[in-house]
Each structure stands twice: as structure tokens, then as C-alpha cells.
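Student: Give me the fold of what follows.
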Amino acid sequence: MTGAKTNELGADRREYCPWCNDRHVLVDNPNRNSPVKKICPKCAIKAAAHYTPKATAPVSAPSADPQWHQAHEATKGDFLERCRNIAREHLKYNATVTVDDIRDIVEIPDGMDRRVMGSVFRHSDFEGTGDYVKSKRSDCHHRPIQKFRIKPAEAA
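Tutor: A predicted model of the protein is given here:
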């Protein structure tokens, strides 16, 4: 079997994920309250969407209008922090993340403008890679969207 994930003895390390019933190399479930302790990376990202610890205080990135950005964070901060936690979880298993990856997991609450997703990566934890991909969504006419990654820690 070429390309199989094997351990040092050559045995296949993949197991069946209890959520999706597909074979994967399993990881720890981010939801510590769940009786299921190991799930596949794709399901781990979805689990993080349902279990994200409440943020203590969101850190704002500099913007052209800081007062607007602070008001935006104050009113939609919980939702944005939830999306950012999902992005962080996604980046544990992938090199980059886009807003489409987050939209696949999180549903925008009723009454909230769908453009709020543009603020997810306006945070000091993320930086753009400079690479763009076509959006998967037809309602935005498949416009290019930027890929993001975790900003590397600065060397002291």
C-alpha cells in the first residue's frame, strides 16, 4: 500500500474516526467534555466550532479607524473569537486557512451581516501569506480570497 501512514513496525496507523467513520490518523478531540477522546483532523476542526473557550479580551489589530474596529469587536467579538479559534485549530493540521474554510464550519447568526467574516483575520495572531485562491462561494462570484497563517513569534 503506497502512501499509507505506517508506524515504525510498518503497521497501518489509521483508525476509524467515531464521528465520520472514515479511516484517518486520529488526533485528540479539542472538546475535553466529550466522551470521544480521539477523532480525525477534519472532525477536530468541526468539534472546535462547537467547543471554544470564551475569550477573555480580544486583541485588536491596528486599523484605519480604531474607534470603528473597537465598536465592531465589542458587538461581534464573541462570534469573531469563535471563528478565530476555529482558524487556529484548522492551522494545527494545515499550513494556511481562508475565510471559506471558516465558513464551511461556522454558520453566520441570523441578523448578522455576512461581511463580518472579513474581520476574522484582522487580529494580531494572523498574517496574510500573499497568496490568493478563488473563493468556493458563488454568491461572491468566486472572487480571490487571501490565505492566512499564524504570525510567527518574533525573535528577542
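Student: State the phi and psi torsions of Asp101.
Tutor: Per-residue torsions, Asp101: phi -60, psi -40 (degrees, to the nearest 10).
Student: pretty sure it is in contact with Glu89, am I right?
Tutor: No: assessed by Cβ atoms under 8 Å, Asp101 is found out of contact with Glu89, at 10.5 Å. Placement of C-beta: from N, CA and C, glycine included.
Student: all helices of the protein, in order?
Tutor: With helices called from DSSP state H, the chain shows them at 41-50, 66-93, 99-103.
Student: For the strand ranked longest in the chain, name the packing helices and strands.
Tutor: With secondary structure taken from DSSP state E, the chain has its longest strand at strand 126-134. The contact analysis (3 or more Cβ pairs under 8 Å, 6 or more residues apart in numbering; DSSP states H and E) places strand 126-134 against strand 144-150.
Student: what's the angle between the strand it packs on and strand 126-134?
Tutor: Interaxial angle, strand 144-150 versus strand 126-134 (axes from the mean of the first three to the mean of the last three Cα atoms, to 10 degrees): 150 degrees.
Student: got the contact list for strand 144-150?
Tutor: Residues outside strand 144-150 that contact it (Cβ atoms under 8 Å, 6 or more residues apart in numbering) are 87-88, 91, 95-100, 121, 125-135.
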